[in-house]
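J.: mind looking at a prediction? Sequence and model below.
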Amino acid sequence: MSNPIILGIFGTVKIPENEVQDILTLILQELRRMPDIILIHTEGNSSIYIQDWAESLRIKTQIFQSDWVKNGKIAQIIRDNRIAKECSHALVFIKSNQENKSKLEKLSETLCRKGKIVFTFDQILQQLENEPLVSKPVRKSNIERGQMLLKFQTKAKC
């Protein structure tokens, strides 16, 4: 039996629902099977879109909430650490503002170093790999929406 695919979602993105679903479809094509469970946080519309998409495909979801009252400013870090511990694969939505971008990029690299399969999205969908690559062609999707072109490419290091 193959290892379970537990996909953890990190960060949020402000794009239409169909584009979030297109990103997830590209990941499914790369994984070649459905995740066994998707771990979702409660912030942002992208989490709602992902949950609806997963339910339509009968993929189990687990919701992680941040306890802002009890944990204050570190509530998000605690929640993300719980998701990171449980996931085998990750999708990280990297925001374009500099502060959150660097935190999410560091999280992506940390997950990759821990042996998890990591996909990042910052206008382009990429998979981080822990091993150096000889040369791997860029896979382009046929999905174009306005200014955004989703490409699936591999990044050489994490």
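T.: That came through, no problem.
J.: show me the residue at the heart of the chain, geometrically.
T.: Centroid-nearest residue in the chain, with C-alpha atoms, centre = their mean: Leu91, separated by 1.0 Å.
J.: next SSE after whichever strand or helix holds that one?
T.: In the assignment (DSSP states H and E), Leu91 maps to strand 89-93. Counting by DSSP H and E, the next helix or strand C-terminal to strand 89-93 is helix 98-113.
J.: got the phi and psi for the nearest residue to Met34 once chain neighbours are set aside?
T.: Closest residue to Met34 apart from its sequence neighbours, by C-beta to C-beta, 6 or more residues apart in numbering: Ile59 at 5.7 Å. Backbone N, C-alpha and C define where each C-beta goes, glycine included. Per-residue torsions, Ile59: phi -100, psi 130 (degrees, to the nearest 10).
J.: what about Ile59, distance to Glu129?
T.: 25 Å (C-beta to C-beta, to the nearest Å).
J.: packing partners for the strand holding Leu91?
T.: The contact analysis (3 or more C-beta pairs under 8 Å, 6 or more residues apart in numbering; DSSP states H and E) places strand 89-93 against strand 6-10, helix 17-31, helix 98-113, strand 117-121.
J.: can you list contacts of it?
T.: 5-13, 23-24, 27, 31, 35, 46, 84, 104, 107-108, 111, 116-122 (C-beta atoms under 8 Å, 6 or more residues apart in numbering).
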